[in-house]
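In: need coordinates for the below:
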Amino acid sequence: MKVLITGICGFAGTSIANTMVQSHSNLQIFGLDNFSRKGSELNISELKDLGIQLIRGDIRSQSDIDALPKVDWVIDCAANPSVLAGIDGQSSSRQLMEHNLLGTINLLEYCKNHMAGLILLSTSRVYSASELATLPVESSDYRFDLRDCDVRGATSLGISEDFPTTAPLSLYGASKLASETLILEYGECFDFPVWINRCGVLAGAGQFGKADQGIFSFWIHSFREKRPLKYIGFNGTGHQVRDALHPRDLVPLLYRQMLEPDWEAPKIINLGGGIENSMSLKELSSWCEDRFGQNEVLASQDERPMDAPWIVMDSTTAQNAWNWSFKTKIEQILEEIANYAEKNPGWSKLC
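Out: Numbering: from 1, shown residues only. From the prediction side, this is the model:
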C-alpha cells in the first residue's frame, strides 16, 4: 500500500512516518513538505534513511499536487497549527487560510482524481473558543479542575465530539472546521473514504516547541536553558490544563483506518490523553524544577487571545469504535523531551 504524508518533516509527520516504517513493512511512504517551518529540514536525513521518498512541494500549489505519484491514502499533517495564527503578526490571515483551507481543497481534488482515501489530523481547537473560555472550573493549589456542569459535550472525562463548534473558534480553528466539512462532503459526493481525527496537544522529543504550540516541549527546553518564562492569563497562576498525546500512539489507529476500516464508525473522533495524561503549567514547572533545578517563572496579568482554562480530550468514541487508547504516559513524554533537550542544548535556537 502506498501512503502520502503531507507536512512529513514536521513533528507529527516525522513521528508518524518513523513509527509506521518500524511497525508496518508493507507500506511505501511518500512525504511532501515545503520546509517552511524552521527546523523541519533537520528531519530530512532521518526520513531518507528510513527509505521514505521525500518530495519538496506545497499543498497550496495545485501544480505541486498534480505532480505527486498516485497513492492509496493521504495522511494530512500539513497545517499552520497555531491558535494565534493570522492574528499574531507572524503570519497573515490569508496565509493561514491558504495553508489550512486551500491546501485541503487541493488534496481533496487529488483524492477525487485518484480515488485515494484521506485522513485529516484535525484539532481540539475546532471547538468553540467562547464556550471553552467560560467552562466552570475550580482552582486547587496547582491546577484547574472542571466542575459539574450542564455544558453539552463537557464532562469529567473531557471534551467530547458533542461539544459546541459555534463561532468564535479562532481563525485557525475556523480553517480546520471548514476543512472538516469539505472533507466530509467530498467523501460523500465522490465516494472515497475519509476520516477526521481531532487531536489534543501532541508532544514528544524533537518537537518544534513554541509558546503558542508545542507547549510541553517549549516549556521543558526553556526551563532547562533557564530562559525567562511567564504564566500568561488566569491571574498568572499557571493553573490552565492540557492533556498530552504522543503522535506515535496514533499509528495503530491510522493503520486500522486505512486497512481494517469499520465503515459504520463515526467519521469524526477525538484523540487525546484524557484526564490521566493531563497537566497544568504550574505542575509542569514543578516537574521541571525536580528535573533541572530552579528557574524563575513570572506571573503575568496579560491575557492570551483564544485561551481556555481547561482543554482535555475525551476519547471514549475512539475507544468504543476503534478500541483505541493512548499508550505513552505523560511522565514518559516529559522524560523523553527532557532527555532530548539535554542531548540537543541548542534546539530552541534552531527551531
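In: quick one: the host helix or strand of residue 333 to chain centroid distance?
Out: Assigning secondary structure by DSSP states H and E places residue 333 in helix 330-343. Relative to the centre of its chain, helix 330-343 is centred 18 Å away, using C-alpha atoms, centre = their mean, to the nearest Å.
In: mind exporting the C-alpha coordinates of it to PDB?
Out: Extracted C-alpha coordinates of helix 330-343, given in PDB (Å, rounded to 0.1, in the frame of the first residue of the first chain):
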ATOM      1  CA  ILE A 330       2.700  11.800  30.300                       C
ATOM      2  CA  GLU A 331       5.600  11.100  32.500                       C
ATOM      3  CA  GLN A 332       7.200   9.200  29.700                       C
ATOM      4  CA  ILE A 333       6.600  12.000  27.300                       C
ATOM      5  CA  LEU A 334       8.100  14.600  29.600                       C
ATOM      6  CA  GLU A 335      11.200  12.500  30.300                       C
ATOM      7  CA  GLU A 336      11.600  11.900  26.500                       C
ATOM      8  CA  ILE A 337      11.500  15.600  25.900                       C
ATOM      9  CA  ALA A 338      13.900  16.300  28.800                       C
ATOM     10  CA  ASN A 339      16.500  13.700  27.500                       C
ATOM     11  CA  TYR A 340      16.300  15.200  24.000                       C
ATOM     12  CA  ALA A 341      16.800  18.700  25.500                       C
ATOM     13  CA  GLU A 342      19.900  17.500  27.300                       C
ATOM     14  CA  LYS A 343      21.300  15.900  24.100                       C
END
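In: what is it packed up against?
Out: Helix 330-343 is packed against helix 215-224, strand 241-245, helix 281-292, with contacts defined by 3 or more C-beta pairs under 8 Å, 6 or more residues apart in numbering; DSSP states H and E. For glycine as for every other residue, the C-beta is placed from the backbone atoms N, C-alpha and C.
In: can I get those in a markdown table including distance to residue 160?
Out: As requested, those are exported to a markdown table (distance: least, C-beta to C-beta, whole Å):
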| stretch | distance to residue 160 |
| --- | --- |
| helix 215-224 | 22 |
| strand 241-245 | 13 |
| helix 281-292 | 24 |
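In: mind listing what's buried in stretch 152-170?
Out: Residues of stretch 152-170 classed as buried: 153, 154, 155, 158, 159, 160, 161, 163, 165, 169, 170 (neighbour count, 16 or more other C-beta atoms under 10 Å).
In: for the fifth one, what are its contacts?
Out: Applying C-beta atoms under 8 Å, 6 or more residues apart in numbering, one finds that residue 159 lies in contact with 124, 127, 132, 153, 270, 311, 312, 313, 314.
In: which among those residues gets closest to residue 8?
Out: Ranked by distance to residue 8 (C-beta to C-beta), those are led by residue 124 at 22.4 Å.
In: if you skip the residues just before and after it, what's nearest to the closest one?
Out: residue 200 (5.2 Å; C-beta to C-beta, 6 or more residues apart in numbering).
In: now for the worst-scoring helix or strand of the chain on mean pLDDT, which elements pack on it?
Out: Least confident helix or strand, the chain: helix 347-350 with a mean of 78, by mean pLDDT, DSSP states H and E. Helix 347-350 is packed against helix 215-224, with contacts defined by 3+ C-beta pairs under 8 Å, 6+ apart.
In: so which elements touch the very next helix or strand once past the helix it packs on?
Out: Heading C-terminal from helix 215-224, the first helix or strand you meet, by DSSP H and E, is strand 229-232. On a contact count with 3+ C-beta pairs under 8 Å, 6+ apart, strand 229-232 meets helix 215-224, helix 281-292, strand 297-300.
In: what would these look like in CSV with mean pLDDT and mean neighbour count?
Out: Below are these laid out as CSV (pLDDT from 0 to 100; neighbours: other C-beta atoms under 10 Å):
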stretch, mean pLDDT, mean neighbour count
helix 215-224, 96, 23
helix 281-292, 98, 18
strand 297-300, 94, 14
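In: so residue 17, which state does it fall into?
Out: Following DSSP: H, G, I helix; E, B strand; the rest coil, we place residue 17 in the helix state.
In: wait, it touches residue 6, no?
Out: No - using C-beta atoms under 8 Å, residue 17 is not in contact with residue 6, being 11.1 Å away.
In: shared neighbours, those two?
Out: With C-beta under 8 Å, 6+ apart as the test, residue 17 and residue 6 both reach residue 31.
In: low pLDDT regions in the stretch 1-150 of the chain?
Out: Residues of the stretch 1-150 of the chain that meet the criterion pLDDT under 70 lie in 84, 89.
In: cool, thanks, signing off.
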